[in-house]
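sequence and predicted structure below; questions after.
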Amino acid sequence: MLYRENGQFKTSYRSDQQVFPIAQDRIAIWLLVAFAAIGVPLLVDEYLFRAILIPFLILSLAALGLNILVGYCGQISLGTGAFMAVGAYAAYNFMVRIEGMPLLAALLLGGVCATVVGVLFGIPSLRIKGLYLAVATLAAQFFVDWAFLRIKWFTNYSSSGSVSVANLNVFGIPIDTPHAKYLFCLGFLVVFALAAKNLVRSHIGREWMAIRDMDVAAAVIGIRPVYAKLTAFAVSSFIVGVSGALWGFVHLGSWEPAAFSIDRSFQLLFMIIIGGLGSIMGSFFGAAFIVMLPVFLNQALPALGGLVGVNIDTATIAHAELMIFGALIVFFLIVEPHGLARLWSIGKEKMRLWPFPH
Amino acid sequence: MGPFLETLLGGLMTGMLYSLVALGFVLIFKASGVFNFAQGAMVLFAALAMARFATWIPQWLGFDNKLLANVLAFAAAMALMVAVAWLVERLVLGKLVNQEGITLLMATLGIAYFMDGAGQTLFGSDIYKIDVGLPKDPIFLLESTFSGGILVNKEDLYAAAIAATLVALLSLFFQKTATGRALRAVADDHQAAQSIGIPLNRIWVIVWSVAGFVALVAGVIWGSKLGVQFSLSLVALKALPVVILGGLTSVPGAIIGGLIIGVGEKLSEVYIGSQIGGGIEIWFGYVLVLFVLLVRPQGLFGEKIIDRV
């Protein structure tokens, strides 16, 4: 009853083609952003910021980037962790080597470096498809892991191999409390999500989807596969690179290549599969699910064990987590292969008709 | 010349073991079009089962004969792998028929996580030894030709022989038996195979069991070489470029790809790696594959990929 577009007449092309054509959607998203920016900081304590909210925001951003490549352009990539690492280390080098480098510029330049590497490793996609491509992108993962471990220049010759940044500030405002970090990441996420949403609705986004659905047919109707695939790699690795820089700078503070290992790539791929391929909203759902699940299991399993009087040690919990995680992945793929985003859109359809069945 | 040949031989031996794991990938991909990321987890699971049963079974039954214990443990581990194959078909693949390749890939990743967790819960997460009596002493070849000769590990020789036998047996199984023919039919075309009365479900169980068997053999060999521990499941990541290099659908490709990558890895580590910081084994296979794929997108022996609109 409340969620219905009846009576909302579009009198111009502009209003017909806006991102959220239904007024309720617009209001809801404004409320959501306002709540995230104003309400959440008032309600939440530091632990939640550090353990859940900041990782959620940054990984949503990364998932968003990956979704552009995998969900919209159909090029499977298992090298996301590598592109995150490139973003993080490049941003680090810009910060360390150039005196007075502003943080924002360093993060974005990190993204630019990730773009270059992404396009470089995206070139094989012009000839290789599907699973072959997935394995080929693993080359990026292993090569980049190795490079940041072995080539000392990247880590500024630090003896332990880990790098760290301190005293972050934007335009003189220090980013040191969890609260400030949260708002900083939220700002990035909102800007990039809006940009991505508009990009996938545009000319270039339609080209990506055409390539995804059938590349030969797309080429026949005049879409250049080279251009479409490489732009997808470029945009995707830029966003992923920025998120990697944020992950290193804001979330971790000091990190080593293991932070961007192949497990990270798998984790991000899980996010977009569970969330929904080819859906901006899905990236958020997937990130929320994957970030929350281990935290939840960590809390729930010992409690459950205590309930039945069994004391579960930490090793068992770690293994049980793996099992439940794996089982849940399979379960989700079976019951909803199109991801949580599909459930969301089904729910919205139902809401529009409610309380009538048809 | 001596060190070169030694590295070459070492590479061939390692390559043989990679091909064993790669074989598991190829078998499953051929028969069901599933890119089975869980192969590494299956190797770990099988090796853990083998290692633990070999100590448990003599305790349960109260005898002390190493050969018998190993044989029984191998049988028990094999039974377990068949059970796994059946469960995978029942609970996962059977429900995901007609899904896209990436969904199936993700499902096998889920299976991999599950098996990593389950294996360590059931069998413990320490480092275990598998002792099937492979001799460990090194031998020296061609001592008359070079000073010092070439050092070869006897264990590696046995492992290579076992791997070669396994490959020969599998080829026989695929070419000569009725089940093998059915497997090949399913690999060619699911629907056509089903329409002439080949039961897809049973074929999948069989092929996953065969892959489980290959994983078990690979696990036993790797395990007796390096000890059974979690890192064993990472062997799959080393075998991935092998599969892709040889072509996803080709059994001989898996063998030759394994040998190429094994040798290339060792030689590059010795001759290039020492100059640029070492440890390039990790990515050498992948980068090699990347360049090969640029020339031959279907791998060396894969079926030609034909695009139809």
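Arrived safely, thanks for sending.

where in the chain is pLDDT low?
The chain I'm using is chain A. Applying pLDDT under 70 to chain A picks out residues A:1, A:309, A:311-312, A:358.

right idea, wrong chain: chain B
B:1, B:133-137, B:140-150, B:277, B:309.

buried ones in the top helix by length along it?
In terms of residue count, the longest helix belonging to chain B (DSSP state H) is helix B:2-32. Neighbour counts over helix B:2-32 (16 or more other C-beta atoms under 10 Å in any protein chain shown) mark B:5-32 as buried. Bear in mind the C-beta positions are built from the backbone N, C-alpha and C, glycine included.

now swap in stretch A:18-25 and tell me
Going by 16+ other C-beta under 10 Å, stretch A:18-25 has these buried residues: A:Gln24.

may I have it as CSV, with CA atoms only?
Extracted in CSV, the C-alpha atoms of stretch A:18-25 (Å, rounded to 0.1, in the frame of the first residue of the first chain):
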residue,chain,number,x,y,z
GLN,A,18,16.5,8.9,-12.9
VAL,A,19,18.3,6.3,-10.8
PHE,A,20,15.3,5.7,-8.6
PRO,A,21,12.2,6.4,-10.6
ILE,A,22,9.9,5.6,-7.7
ALA,A,23,9.6,8.3,-5.1
GLN,A,24,9.5,5.8,-2.1
ASP,A,25,12.9,4.4,-3.3
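
which residues touch that stretch?
Contact partners of stretch A:18-25, identified using C-beta atoms under 8 Å, 6 or more residues apart in numbering or on different chains, comprise A:2-5, A:8, A:10, A:15, A:26, A:29, A:194, A:197-198, A:201.

check which helix or strand A:Ser77 maps to.
Secondary structure from DSSP states H and E places A:Ser77 outside every helix and strand.

name the nearest residue to it, ignoring sequence neighbours.
A:Thr137 (4.5 Å; C-beta to C-beta, 6 or more residues apart in numbering or on different chains).

that neighbour against A:Gly81, yeah?
No. Checked against C-beta atoms under 8 Å, the pair A:Thr137 and A:Gly81 is beyond contact range at 10.5 Å.

show me the strands in chain A, by range?
Using DSSP state E, the strands found in chain A span residues A:163-164, A:169-170, A:173-174, A:254-255.

neighbouring strands for the first one, and are they parallel or not?
I take that to be strand A:163-164. strand A:254-255 (antiparallel) (DSSP bridges).

what secondary structure does B:Leu151 sit in?
strand (DSSP: H, G, I helix; E, B strand; the rest coil).

rewinding a little: report the contact partners of the residue nearest to A:Ser77.
A:Ile76, A:Ser77, A:Leu78, A:Gly79, A:Phe121.

mind putting the residues you listed into JSON lines with distance to A:Phe143?
As requested, those are arranged in JSON lines below (distance: C-beta to C-beta, whole Å):
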{"residue": "A:Ile76", "distance to A:Phe143": "18"}
{"residue": "A:Ser77", "distance to A:Phe143": "14"}
{"residue": "A:Leu78", "distance to A:Phe143": "13"}
{"residue": "A:Gly79", "distance to A:Phe143": "9"}
{"residue": "A:Phe121", "distance to A:Phe143": "8"}
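
just these now: which is nearest chain B?
Distance to chain B across the contacts of A:Thr137 (C-beta to the nearest C-beta) is lowest for A:Ile76, with 5.7 Å.

now that closest one. Nearest residue, chain neighbours left out?
Leaving aside its chain neighbours, A:Ile76 sits nearest to A:Ala134 (4.2 Å; criterion: C-beta to C-beta, 6+ apart).

go on, B:Ala185?
B:Ala193 (4.3 Å).

surely the one you found touches B:Leu200?
Yes. Shown here, B:Ala193 and B:Leu200 form a contact pair, counting by C-beta under 8 Å, at 7.1 Å.

between the two, what contacts are shared?
With C-beta under 8 Å, 6+ apart, B:Ala193 and B:Leu200 have common neighbours B:Val186.

does B:Val242 lie in a helix or a strand, and which?
With DSSP H and E as criterion, B:Val242 is part of helix B:235-246.

next secondary structure element downstream of that helix?
helix B:251-268.

next, the angle helix B:235-246 makes with that next one.
Going by axes from the mean of the first three to the mean of the last three C-alpha atoms, to 10 degrees, helix B:251-268 is angled at 110 degrees with respect to helix B:235-246.

I'd like the next helix or strand past helix B:251-268.
In N-to-C order, the element after helix B:251-268 by DSSP H and E is helix B:274-276.

okay, buried residues for that next one please.
Result for helix B:274-276 [16+ other C-beta under 10 Å]: no buried residues.

same check on stretch A:164-178?
Under the neighbour-count criterion of 16+ other C-beta under 10 Å, stretch A:164-178 has A:Val165, A:Leu168, A:Ile175, A:Pro178 buried.

gap between the two ends of it?
17 Å (C-alpha to C-alpha, to the nearest Å).

from A:Asn93, how far off is A:Ala147?
The gap separating A:Ala147 from A:Asn93 is 13 Å, by C-beta to C-beta, to the nearest Å.

my error: substitute A:Asp25 in the last question.
Taken as C-beta to C-beta, the span from A:Asp25 to A:Asn93 is 42 Å.

in contact with A:Arg4, which residues?
Counting by C-beta under 8 Å, 6+ apart, the residues that A:Arg4 touches are A:Gln24, A:Arg352.

how about it, phi and psi?
Here is the backbone geometry of A:Arg4 (degrees, to the nearest 10): phi -150, psi 140.

cool, and the one 3 residues further on?
The phi and psi torsions at A:Gly7 (degrees, to the nearest 10) take the values phi 80, psi 0.

burial of it, as a residue count?
When neighbours are defined as other C-beta atoms under 10 Å in any protein chain shown, A:Gly7 has 6 of them.

against B:Leu183, how distant is it?
Here A:Gly7 is placed at a distance of 62 Å from B:Leu183 (C-beta to C-beta).

now swap in A:Met214 and tell me
For A:Met214 relative to B:Leu183 (C-beta to C-beta), the value is 30 Å.

one step back: what's the longest helix of chain B packed up against?
helix B:39-61, strand B:150-153, helix B:154-176, helix B:178-188, helix B:200-226, helix B:235-246, helix B:251-268 (3 or more C-beta pairs under 8 Å, 6 or more residues apart in numbering or on different chains; DSSP states H and E).

deepest-packed of the ones you listed, please.
helix B:235-246 (a mean of 27; mean count of other C-beta atoms under 10 Å in any protein chain shown).

ok, it near chain A or not?
Yes. Interface with chain A: helix B:235-246 contributes B:Leu237, B:Leu240, B:Pro241, B:Val243, B:Ile244 (C-beta under 8 Å from any C-beta of the partner chain).

starting at the chain centroid, how far to that helix?
9 Å (C-alpha atoms, centre = their mean, to the nearest Å).

do stretch A:109-123 as well
The answer for stretch A:109-123 is 16 Å, by C-alpha atoms, centre = their mean.

pull out the buried positions in it.
A:Leu109, A:Gly110, A:Gly111, A:Val112, A:Cys113, A:Ala114, A:Thr115, A:Val117, A:Gly118, A:Val119, A:Phe121, A:Gly122.
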